[in-house]
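Trainee: would you be able to build a 3D model of this:
(2 chains)
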Number of protein chains: 2
Amino acid sequence: MTQPVPPPCPFEKRFPSQLVRDDVFFMSLAYNQAIDAWRADEVPIGAVIALDGEVIAAAHNTVEGAHDPTAHAEMLALTQAAAAIGDWRLEGCTLYVTKEPCPMCAGAIVHCRIRRVIFGCRDPRGGAAGGFINLLQQPTLNHASEVTPGVLEEESIHLLKTFFHEARVKKKSGFSE
Amino acid sequence: MTQPVPPPCPFEKRFPSQLVRDDVFFMSLAYNQAIDAWRADEVPIGAVIALDGEVIAAAHNTVEGAHDPTAHAEMLALTQAAAAIGDWRLEGCTLYVTKEPCPMCAGAIVHCRIRRVIFGCRDPRGGAAGGFINLLQQPTLNHASEVTPGVLEEESIHLLKTFFHEARVKKKSGFSE
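Mentor: Next up, the predicted model:
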C-alpha cells in the first residue's frame, strides 16, 4: 500500500542576506522552518533561537509525525538550544517564531529565561504573549522577556491560512483518511 | 574525582492498597515518583497518568539531570502516556501531580485534552490551575479539564519545603558546587 502523498507546499523559502542579521533575517529562517513543516505535512510553524548573532537552534512543529502535542517548534528549539550551549539558562538568547507562542511554549520560554521573543502572527484566542494573556511579562513569575510582535506577520498568516484552507479542501474531497 | 553524594531523602514511599483505586491511591504513586526525584537530587515533584484505573505513565522532574527546563514531571508523563496509548489525545485520562502545574505544563495538559487534573500542593505565584491563573479552564482555549486540588496536600508541601530547606543549608555549608 502506498502512503498518500501530501500536496506540495506552494510557498518558497526566503533567502535573506547574511550581512544584515536583524530580526527579519532570523525570522526568515524561522519562516523557512515553517515551510519545512508544511513539506512534512505538519502545521507550518517554525522557530529559531539566536545567540550573539548566530543561530543555535532551529526547529519546526512535529506534533503529527511525533504523535506528541508538546512537539511545538518553540519547545524543540528550546531543548536544542539548551543542548547546544550546555546550559538550560538561555539568558542572552532571542527566540523567533512565526506564530505567537501558546501557554505551554510561553511557560517554557519563561523557564529558560529567554531575553527576547519575536513572533510573526498574533493569536488572540490561544496566544500567551499578549493574545488572551501575556505570560511572558507576568509579574508573579520569576522572569520576563522583551516581546516584539508582527515581524513577517503577513507572510506567516498567509502560510498558516493557506495550509488550513487546503487541509479543509483535502478533507472534504476525501483525500485524508 | 568522585561525584558529590546528595544527602539521602528523609521521606519514605507510600504503600497504598491496590484494592482502592481512588485519587489518594494514584496520588500516592505520584508522591513516590517525587521521592525518586529527590533521590536523584531533583526538585521532588512527581506525576502519574491513569486511564480506566490503570497507570499508563509515571515520571518525575528531571530538569537538573537532563539540563532541560522543560523536563517537568507532567511533561514527561504526558509524552509517555501518548506513546503508551499510541495517540496524543489523552481524552479519558486523569493526571495526578504533587504540585499545581505551571503554565507550561497546564498548556500541555490542554493540548492533550486530559479529562481530570488532580494536584497536591497549591502554587499561588506560579500555578496555572487556579494559582495566579487557571489555564485548565480558560474559555478561549479549545479544551477544559476538571480540576481537584489538595489531594495529599500536606505531604506534598512538606516534601518540597524540606527539600528546599536542605538545599539552602547545603549551599550555605559549601556542599554545592
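Trainee: quick one: distance of the helix or strand bottoming out on mean pLDDT in chain A to the chain centre.
Mentor: Within chain A, no helix or strand scores below helix A:63-66, which has a mean of 89 by mean pLDDT, DSSP states H and E. Distance of helix A:63-66 from its chain centroid, counting by CA atoms, centre = their mean, to the nearest Å, is 15 Å.
Trainee: what's in contact with it?
Mentor: By CB atoms under 8 Å, 6 or more residues apart in numbering or on different chains, the residues outside helix A:63-66 that reach it are A:40-43, A:69, A:71-72, B:88. Glycine gets a C-beta too; all of them are placed from N, C-alpha and C.
Trainee: give me the buried positions along it.
Mentor: Under the neighbour-count criterion of 16 or more other CB atoms under 10 Å in any protein chain shown, helix A:63-66 has A:63, A:66 buried.
Trainee: list the buried ones in the helix or strand just after it?
Mentor: Next along the chain after helix A:63-66, taking DSSP states H and E as the criterion, comes helix A:73-85. Buried positions in helix A:73-85, judged by neighbour count with 16+ other CB under 10 Å: A:73-82, A:84-85.
Trainee: helix A:73-85 and chain B, are they touching?
Mentor: Yes. Interface with chain B: helix A:73-85 contributes A:75, A:78-79, A:82-83 (CB under 8 Å from any CB of the partner chain).
Trainee: each with direction, which strands does the helix or strand following that helix pair with?
Mentor: For helix A:73-85, the following helix or strand on the C-terminal side (DSSP H and E) is strand A:94-99. Strand A:94-99 sits in its sheet next to strand A:46-51 (antiparallel), strand A:116-121 (parallel), going by DSSP bridges.
Trainee: mind checking the pLDDT average for the last one?
Mentor: Rounded to a whole number, the mean pLDDT of strand A:116-121 is 98.
Trainee: cool, and the first one?
Mentor: For strand A:46-51, the per-residue pLDDT values average out at 98.
Trainee: just the angle between that strand and helix A:73-85, please?
Mentor: With axes from the mean of the first three to the mean of the last three CA atoms, to 10 degrees defining the directions, strand A:46-51 sits at 30 degrees from helix A:73-85.
Trainee: list the contacts for A:Glu153?
Mentor: A:Glu153 touches A:120-122, counting by CB under 8 Å, 6+ apart.
Trainee: for these, which one is nearest chain B?
Mentor: Using CB to the nearest CB, A:Arg122 comes nearest to chain B of the contacts of A:Glu153, at 13.2 Å.
Trainee: was I right to think the closest one contacts A:Asn134?
Mentor: No. In this structure A:Arg122 lies outside contact range of A:Asn134 using CB atoms under 8 Å: 11.8 Å.
Trainee: mind listing the shared neighbours of those two?
Mentor: With CB under 8 Å, 6+ apart as the test, A:Arg122 and A:Asn134 reach no residue in common.
Trainee: near chain B, which residues of chain A?
Mentor: Counting by CB under 8 Å from any CB, chain A sits next to chain B at A:63, A:67-70, A:75, A:78-79, A:82-83, A:86-88, A:102-108, A:110-112, A:124-126, A:128, A:132-133, A:135, A:138, A:140-142.
Trainee: give me that answer again for 6 Å
Mentor: Proximity of chain A to chain B (CB under 6 Å from any CB of the partner chain) is limited to residues A:67-70, A:79, A:82, A:88, A:102-104, A:107-108, A:111-112, A:125, A:132, A:135, A:140.
Trainee: narrow the residues you listed to those that are buried.
Mentor: A:67-70, A:79, A:82, A:88, A:102-104, A:107-108, A:111-112, A:132, A:135.
Trainee: where do the helices of chain A begin and end?
Mentor: A:23-39, A:63-66, A:73-85, A:103-112, A:153-172 (DSSP state H).
Trainee: could those go into a markdown table alongside distance to B:Asp36?
Mentor: Converted to a markdown table, these look like this (distance: least, CB to CB, whole Å):
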| stretch | distance to B:Asp36 |
| --- | --- |
| helix A:23-39 | 36 |
| helix A:63-66 | 26 |
| helix A:73-85 | 22 |
| helix A:103-112 | 21 |
| helix A:153-172 | 41 |
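Trainee: for chain A, give me the ranges with low pLDDT.
Mentor: A:1-7, A:174-177 (pLDDT under 70).
Trainee: any chance of the strands paired with strand A:94-99 in CSV, with mean neighbour count too?
Mentor: Output for the strands paired with strand A:94-99, formatted as CSV (neighbours: other CB atoms under 10 Å in any protein chain shown):
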stretch, mean neighbour count
strand A:46-51, 26
strand A:116-121, 24
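Trainee: rebuild those as a markdown table, extending it with distance to B:Gln18.
Mentor: Below are the strands paired with strand A:94-99 laid out as a markdown table (distance: least, CB to CB, whole Å):
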| stretch | distance to B:Gln18 |
| --- | --- |
| strand A:46-51 | 44 |
| strand A:116-121 | 47 |
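Trainee: quick one: which of those strands is nearest A:Asn32?
Mentor: strand A:46-51 (6.7 Å; CB to CB).
Trainee: what's the angle from the closest one to helix A:103-112?
Mentor: 10 degrees.
Trainee: for strand A:46-51, give me every contacting residue.
Mentor: Residues outside strand A:46-51 that contact it (CB atoms under 6 Å, 6 or more residues apart in numbering or on different chains) are A:26, A:29-30, A:33-34, A:55-60, A:73-74, A:77, A:81, A:92-98.
Trainee: which of these are buried, as a PyMOL select command?
Mentor: Per 16+ other CB under 10 Å, the buried members of the contacts of strand A:46-51 correspond to this PyMOL selection:
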select buried, chain A and resi 26+29+30+33+34+55+56+57+58+59+60+73+74+77+81+93+94+95+96+97+98
